[in-house]
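Student: any chance you can model this:
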Amino acid sequence: MSKTAIQSPIETKIDVLVAEWKTKYDLPDFHTQHIREELSQDLQAALMAPKRLQKRKIKAIEREVETTEYFLEGTLGQGAFGSVYKGRYRKRESGGGESPPHLQDGEYVAIKVIDLEEKEGDMTAINQEIMALVQGKACQQLTTYYASRVYGTKLWIIMEYVSGGSVRQLVKTRKKEGKRGIGEKNIAIVVREVLLGLVYLAVDSKFHRDIKAANILVTKRGDVKLADFGATRQLSETQKRSKTFIGTPHWMAPETLMDDGYDSKADIWSLGITCIEMAHGEPPWAKVPALQLVTRIVMTAAPTLGKGDWSKDFQVFISHCLQKDPKLRPTLNQLLTTGFCQNAGPRVIFNPDTDDDTESKKKKELSAISKPLAEWTINEVTEWCETHEQSELLKREFQELPGQDLCALTKQDIVDRLMKGGADKKIATDIFMDLQRLKSPEKKSSDKTSSDEKS
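Tutor: Below you'll find the predicted structure:
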């Protein structure tokens with residue numbers, strides 16, 4: 001018979017305190033468990049202090065819980081230098097600190113938590129990650145940085161939450177369905193967007209150094225975001241090549257494993273390896289032991305796309321990326337001009353089956369919700385707009401409008417309302433156009449016929 005561990009009186013008191021805070025501040029279960037673990041030592045010290053100090057110390061700890069703006073709701077994964085969590089932002093009713101721009105109350109965020117004591121020697125790299133996110137104008141191909149907070153010895157980096165998950169997760173999902181890779185059309189979209197993100201970084205002489213499918217995220221709308229800048233490096237005018245060994249071995253360029261130094265051309269090699277990963281489900285030499293892997297990358301011929309019904313453009317693109325000599329690899333901008341990138345579609349398709357299947361799904365969707373917008377309930381509008389990650393915003397902006405008023409809204413009305421709530425103009429316009437398409441497909445079809453007749 002197993003023995004039940006007997007809890008100490010202090011541990012019991014800590015449980016009681018945390019349970020009270022959970023109720024008082026409406027803390028999510030995951031966040032409650034997190035602070036129970038994180039604050040355990042501080043609470044023990046407070047409860048063992050003299051009685052005249054005990055209440056004051058506990059109150060100070062509670063104040064930290066009370067003023068928290070970001071609440072953890074689950075684990076997303078492990079990034080460079082820290083764990084990444086899914087969290088939610090709650091606007092504080094009182095207290096210091098300004099709300100991050102374009103971040104709405106209740107909106108999901110991604111939170112990287114870094115232990116500053118454990119990573120004391122890596123502070124330069126951590127600072128590089130934050131600077132890579134903060135500096136310059138916003139880039140739609142990079143995850144958005146919102147804020148940083150320090151709680152005790154932990155640094156929280158608050159970033160955009162990308163709900164579609166990583167490309168690596170998409171690859172795994174396809175594998176479970178008995179399919180291989182995410183399809184060439186999707187690969188082309190991912191590649192083009194990653195290249196645009198790398199071009200943005202290159203303006204400040206930065207390069208990523210850890211390109212792989214796990215570090216490429218996709219929104220529910222199919223937009224691509226490059227993430228995890230813990231390995232990003234900025235080269236000064238006097239230091240044109242880095243000699244730091246960093247990255248994930250299977251995706252690392254030959255020159256990064258040697259003593260010659262490397263530059264942004266290393267990211268191009270990693271992108272080529274990532275293409276093979278997206279096509280076949282895993283990178284080359286996936287099952288080769290680490291000690292043999294370095295020799296394979298440096299000494300053997302560059303990997304190729306291998307068997308499959310791949311286009312000539314795709315094969316040529318990979319051969320350009322996987323040149324063993326970095327000097328022979330094209331620049332980022334040259335790769336963007338290749339036929340493979342030029343012919344890429346606008347967004348990733350989550351179920352890249354045949355074109356006929358996709359068209360059939362579109363017709364089915366249009367048929368199901370072709371009733372006038374006036375007949376939609378706010379819940380129907382909100383549910384559809386989940387794919388645009390704007391459901392809370394839409395609900396807040398339109399829930400007070402009766403059905404007939406919804407029908408009367410113009411494009412500018414909807415765009416203005418969405419922008420007022422925090423959406424940028426492009427997202428607001430996209431949502432309006434999709435709502436228009438879905439509410440009256442017959443009109444759209446007749447408009448096209450009329451246009452064809454005029455031309």
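
Student: only C-alpha atoms from now on, for both contacts and neighbour counts.
Tutor: Will do.

Student: tabulate the CA atom coordinates of the one helix or strand Ile35 maps to in CSV.
Tutor: Here Ile35 sits within helix 29-38, counting by DSSP states H and E. The C-alpha trace of helix 29-38 is given here as CSV (Å, rounded to 0.1, in the frame of the first residue of the first chain):
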residue,chain,number,x,y,z
ASP,A,29,-6.0,27.1,-13.5
PHE,A,30,-2.7,26.9,-15.4
HIS,A,31,-1.6,30.3,-14.1
THR,A,32,-2.6,29.4,-10.6
GLN,A,33,-0.4,26.3,-10.7
HIS,A,34,2.5,28.3,-12.2
ILE,A,35,2.5,30.9,-9.4
ARG,A,36,2.1,28.2,-6.8
GLU,A,37,5.4,26.7,-8.1
GLU,A,38,7.1,30.0,-8.8
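
Student: list the helices and strands that helix packs on?
Tutor: Packing contacts for helix 29-38, counted by 3 or more CA pairs under 8 Å, 6 or more residues apart in numbering; DSSP states H and E, involve helix 9-24, strand 70-79.

Student: contacts for that helix?
Tutor: Helix 29-38 is contacted by residues Ile14, Asp15, Val18, Lys22, Phe71, Leu72, Glu73, Gly74 when judged by CA atoms under 8 Å, 6 or more residues apart in numbering.

Student: got a markdown table for the helices and strands packed on helix 29-38, with mean pLDDT, mean neighbour count and distance to Arg36 too?
Tutor: Shown next, in a markdown table, are these (pLDDT from 0 to 100; neighbours: other CA atoms under 10 Å; distance: least, CA to CA, whole Å):
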| stretch | mean pLDDT | mean neighbour count | distance to Arg36 |
| --- | --- | --- | --- |
| helix 9-24 | 92 | 14 | 7 |
| strand 70-79 | 85 | 18 | 13 |
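
Student: redo these as CSV? Include distance to Leu196.
Tutor: Formatted as CSV, these follow (distance: least, CA to CA, whole Å):
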stretch, distance to Leu196
helix 9-24, 44
strand 70-79, 22
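
Student: hang on, the earlier thing: name the nearest of the contacts of helix 29-38 relative to Lys57.
Tutor: Ranked by distance to Lys57 (CA to CA), those are led by Ile14 at 13.2 Å.

Student: now, which of the contacts of helix 29-38 sits nearest Gly345?
Tutor: Closest to Gly345 out of the contacts of helix 29-38 is Gly74 (32.9 Å), distances taken as CA to CA.

Student: could you dump the helix ranked longest in the chain to CSV, C-alpha only?
Tutor: Secondary structure of the chain per DSSP state H: the longest helix is helix 184-202. Extracted C-alpha coordinates of helix 184-202, given in CSV (Å, rounded to 0.1, in the frame of the first residue of the first chain):
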residue,chain,number,x,y,z
GLU,A,184,4.5,22.4,-52.9
LYS,A,185,2.1,25.3,-53.2
ASN,A,186,2.2,25.9,-49.5
ILE,A,187,5.9,25.5,-49.4
ALA,A,188,6.3,28.3,-52.0
ILE,A,189,4.1,30.6,-49.9
VAL,A,190,6.1,29.9,-46.7
VAL,A,191,9.4,30.4,-48.5
ARG,A,192,8.4,33.7,-50.0
GLU,A,193,7.2,35.1,-46.6
VAL,A,194,10.3,33.8,-44.8
LEU,A,195,12.5,35.5,-47.4
LEU,A,196,10.6,38.8,-46.9
GLY,A,197,11.2,38.5,-43.2
LEU,A,198,14.9,37.8,-43.6
VAL,A,199,15.2,40.8,-46.0
TYR,A,200,13.7,43.0,-43.3
LEU,A,201,16.2,41.7,-40.8
ALA,A,202,19.1,42.2,-43.3
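
Student: per-residue confidence averaged over it?
Tutor: Helix 184-202 comes out with an average pLDDT of 92.

Student: helix or strand right after that helix?
Tutor: Following helix 184-202 in sequence order, the next helix or strand is strand 206-207 (DSSP H and E).

Student: can you list the strands that that next one pairs with?
Tutor: The pairing partners recorded for strand 206-207 under DSSP bridges are strand 233-234 (antiparallel).

Student: immediately after the worst-scoring helix or strand of the chain on mean pLDDT, which helix or strand?
Tutor: Across the helices and strands of the chain, mean pLDDT, DSSP states H and E gives its lowest value to strand 233-234, namely a mean of 40. The element immediately downstream of strand 233-234 (helix or strand, assigned by DSSP H and E) is helix 265-280.

Student: which other helices and strands contact that following helix?
Tutor: For helix 265-280, the packing partners by 3+ CA pairs under 8 Å, 6+ apart come out as helix 167-176, helix 184-202, helix 312-321.

Student: where in the chain is pLDDT low?
Tutor: By pLDDT under 70, the weakly predicted segments of the chain are 1-5, 79-81, 93-102, 118-137, 204-205, 228-248, 259-262, 352-455.

Student: can you list the domains in it?
Tutor: Using automatic domain parsing, the domain ranges for the chain come out as 10-66, 72-161, 167-342, 356-454.
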